[in-house]
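Chemist: coordinates only, sequence not included:
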RNA sequence: GCCGCGUUCAUCUAGGGGUCUAGGAUGCCACCCUUUCACGGUGGUCACACGGGUUCAAAUCCCGUACGCGGUACCA
């Protein structure tokens, strides 16, 4: 077995899609597991859809996820260049061979002529007729002299694959098993466009061969194109790589994860958007890995390294998968809990500072320590802004439930006792409250809940007395008195 | 329309002829822990698309139907 060489081959037509990242991940995992090579190839053969900066986003997204590239346009490598727009001579060479051997031909039809042909041939039973090479303007129907004349006159033309009729193409997909197509279903695919650039099909086959790719792992949307590719490999005399077509990622409602329904469902589609939403790369990777794959046992928490150890193509499923933001949120919380408090603080800092201004590192770490079990996203720590500034509002529902007629009086009394405390610790603040409860003959809950509301503005949070310690004596007393006054 | 792929709890999935009164995870619900909220723990809710076959035995194999998805471009 030759060493595994896989590639991720996106088109630079926009921001990297979450499904694209999963495809890249599975490729990377196979390469990493086997000690193989992960190649990044940029498929920029459609200049009309090219988007400036797209390659940079693809690279940034892969880097964010931790998917290191072994060979690529920046990394270099023995099979470059790695952008298809820089490899046109190679495609030309392949096309010349096909032309010389008669497995491809020149076609001079205008788009209008093709459109007219389709309309002429279309029936109810066959709304999308294939290119009818016998009646069109091409090197099969034109004399050699005429072809030469048109070519030399610079008349625009394409090169089409001469697909044989009545043949059966069978191949084995690593995920789906044996798949069979009739060549009668395959159109005379354009290989070289009139602008001289190759189509996906040609470029893909030439590059996968030239780059010695051993495994093509890509989305299921390519499954129907495989016969074309097999025919091309055959015509070129090359051995096709192993193929694995991944199940598609669907929206949570089951439909296609289009930009539009993603927006209405509130699902980020671009990798960038996940990053911006505050998800940890480890969580996204873990979540994505499980969208169509599982290790076969009951483990669920993985990082890139353990994923690579456990990975195998055989364990990839074959049915489409709906993504679940709930599961991502859970993974994120789990990964957060595996981090040190310092790491959490570092990640939360931008969000916290956006809310309350610069904060001291030791303070932030202390807050992170207290709140870590309660976080879904690191940036949620900003919701605990009360550690850094006095609350300006009080939670409506909490007030309704916890703020009773005697609350203002009890809070004020606790403020008095708190103000007199010589030391400000968990033990001292708690003892002060217990003493007050006893002195007043009031239940502990009558005091602790209103105090939490007064100090934090919310009815949820970490242990009350740990919270008080971090808030500090002066601020605590100030907040208690203010709440007693304003809330009555 | 045609071709291809798919179909186990709401979701991700295990399972691939008997061990399945179908297991795990997320979500949801309840209880425990906790005078808060979470975390954690325990329990519960929830599925083999349908119809035929094959077999002593089918979630598992075969056929059909339904449904979903993909493809059917000088887009990838």
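Modeler: Structure received. The structure displayed is predicted, hence computed values, not measured ones. Numbering: from 1, shown residues only, chains lettered A, B, ... in the order given.

Chemist: who in the stretch 201-350 of chain A is up against RNA strand B?
Modeler: Counting by C-beta under 7 Å from any atom of the strand, the positions of the stretch 201-350 of chain A adjacent to RNA strand B are A:220-225, A:247-248, A:250, A:252, A:254-256, A:290-294, A:296, A:298, A:300, A:315, A:317-324, A:326-327, A:329-330, A:333-334, A:337. Where you see a C-beta, it was placed from the backbone N, CA and C, and this is true even at glycine.

Chemist: now do 6 Å
Modeler: Neighbours of RNA strand B within the stretch 201-350 of chain A, by C-beta under 6 Å from any atom of the strand: A:220-221, A:223-225, A:248, A:254-256, A:290-292, A:294, A:296, A:298, A:300, A:317-322, A:324, A:326-327, A:330.

Chemist: Now the buried members of those residues.
Modeler: Among those, the ones that count as buried by 16 or more other C-beta atoms under 10 Å are A:220, A:223, A:225, A:290, A:291, A:292, A:320, A:321.

Chemist: Pretty sure the last one sits against residue A:288.
Modeler: No: with contacts defined as C-beta atoms under 8 Å, residue A:321 does not count as touching residue A:288, sitting 10.1 Å away.

Chemist: what sits in contact with each of these two?
Modeler: Common neighbours of residue A:321 and residue A:288 are not found (criterion: C-beta atoms under 8 Å, 6 or more residues apart in numbering).

Chemist: still on that earlier bit, what is the most widely separated pair among the buried ones among the residues of the stretch 201-350 of chain A next to RNA strand B?
Modeler: A:225 and A:290 (27.3 Å; C-beta to C-beta).

Chemist: Residue A:36: neighbour count?
Modeler: The local packing of residue A:36 (other C-beta atoms under 10 Å) involves 19 other residues.

Chemist: Report pLDDT for it.
Modeler: Confidence at residue A:36, expressed as pLDDT, is 97.

Chemist: isn't it right up against residue A:4?
Modeler: Yes: contact criterion C-beta under 8 Å: residue A:36 and residue A:4 qualify, at 3.0 Å.

Chemist: Now do the shared contacts for those two.
Modeler: Common contacts of residue A:36 and residue A:4 (C-beta under 8 Å, 6+ apart): A:30, A:214.

Chemist: which stretch of helix or strand covers residue A:332?
Modeler: helix A:325-337 (DSSP states H and E).

Chemist: so after that helix, what's the next helix or strand?
Modeler: Next along the chain after helix A:325-337, taking DSSP H and E as the criterion, comes helix A:341-356.

Chemist: need the next SSE after that following helix, C-terminal direction.
Modeler: Assigned by DSSP H and E, the successor of helix A:341-356 is helix A:361-371.

Chemist: That next one vs helix A:341-356, what angle?
Modeler: Angle, helix A:361-371 to helix A:341-356, by axes from the mean of the first three to the mean of the last three C-alpha atoms, to 10 degrees: 100 degrees.

Chemist: What lies in contact with whichever helix or strand comes after helix A:361-371?
Modeler: Next along the chain after helix A:361-371, taking DSSP H and E as the criterion, comes helix A:396-402. Residues from elsewhere that reach helix A:396-402 (C-beta under 8 Å, 6+ apart): A:449, A:450, A:452, A:453, A:458, A:459, A:460, A:487.

Chemist: farthest pair in those residues?
Modeler: Across the contacts of helix A:396-402, no pair lies farther apart than A:460 and A:487, at 18.0 Å, counting by C-beta to C-beta.

Chemist: of the two, who's got more company?
Modeler: Per other C-beta under 10 Å, whichever of residue A:460 and residue A:487 has more neighbours is residue A:487, with 15 against 11.

Chemist: residue contacts, the more buried one?
Modeler: Applying C-beta under 8 Å, 6+ apart to residue A:487 gives the contacts A:394, A:399, A:403, A:407, A:408, A:453, A:454.

Chemist: which of the residues you listed count as buried?
Modeler: A:394, A:399, A:403, A:407, A:408, A:453, A:454.

Chemist: can you list those in TSV and add distance to residue A:352 and pLDDT?
Modeler: Below are the buried ones among the contacts of residue A:487 laid out as TSV (distance: C-beta to C-beta, whole Å; pLDDT from 0 to 100):
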residue	distance to residue A:352	pLDDT
A:394	21	92
A:399	25	89
A:403	28	90
A:407	30	92
A:408	31	92
A:453	22	95
A:454	22	96
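
Chemist: Looking at these, spot the one nearest RNA strand B.
Modeler: Among those, residue A:453 lies closest to RNA strand B (C-beta to the nearest atom of the strand), at 9.5 Å.

Chemist: What are the boundaries of the strands in chain A?
Modeler: Secondary structure of chain A (DSSP state E): strands at A:5-8, A:37-40, A:104-107, A:158-161, A:168-173, A:177-182, A:190-192, A:215-219, A:242-246, A:249-250, A:321-322.

Chemist: Tell me which of those is the most buried.
Modeler: Comparing the strands of chain A by mean neighbour count (mean count of other C-beta atoms under 10 Å), strand A:5-8 ranks first with a mean of 26.

Chemist: Contacts made by that strand with the rest, please.
Modeler: With contacts defined as C-beta under 8 Å, 6+ apart, strand A:5-8 is touched by A:20, A:23-24, A:27-28, A:30-31, A:36-41, A:62, A:207-208, A:211-217.

Chemist: for RNA strand B, what are the nearby residues on the stretch 51-200 of chain A?
Modeler: So the stretch 51-200 of chain A meets RNA strand B at A:109, A:111, A:114, A:125-128, A:156, A:158, A:176, A:179, A:181, A:185, A:187, A:190, A:193-194, A:199-200 (C-beta under 6 Å from any atom of the strand).

Chemist: For chain A, spot the helix or strand the model is least confident about on average.
Modeler: Sorting the helices and strands of chain A by mean pLDDT, DSSP states H and E puts helix A:259-265 at the bottom, at a mean of 75.

Chemist: chain center to that one: distance?
Modeler: 15 Å (C-alpha atoms, centre = their mean, to the nearest Å).

Chemist: Just the closest residue of chain A to RNA strand B, please.
Modeler: residue A:444 (1.7 Å).

Chemist: these two touch, right, that residue and residue A:434?
Modeler: Yes: taking C-beta under 8 Å as the definition, residue A:444 is a contact partner of residue A:434 at 7.1 Å.

Chemist: what ranges of chain A fall below the confidence cut-off?
Modeler: Chain A contains no residues with pLDDT under 70.

Chemist: Quick one: the helices in the stretch 101-250 of chain A, in order.
Modeler: For the stretch 101-250 of chain A, the helices defined by DSSP state H, counting those that start in this stretch cover A:111-121, A:144-152, A:200-210, A:226-236.

Chemist: ok and the third one relative to strand A:215-219, angle-wise?
Modeler: Relative orientation of helix A:200-210 with respect to strand A:215-219: 150 degrees, computed using the same axes, to 10 degrees.

Chemist: Counting neighbours, which bits of helix A:200-210 end up buried?
Modeler: Per 16+ other C-beta under 10 Å, helix A:200-210 contains these buried residues: A:200, A:201, A:202, A:203, A:204, A:205, A:206, A:207, A:208, A:209.

Chemist: show me what contacts the first one?
Modeler: By C-beta under 8 Å, 6+ apart, residue A:200 lies in contact with A:43, A:45, A:225.

Chemist: ok, it to residue A:150 distance?
Modeler: For residue A:200, the distance to residue A:150 equals 26 Å [C-beta to C-beta, to the nearest Å].
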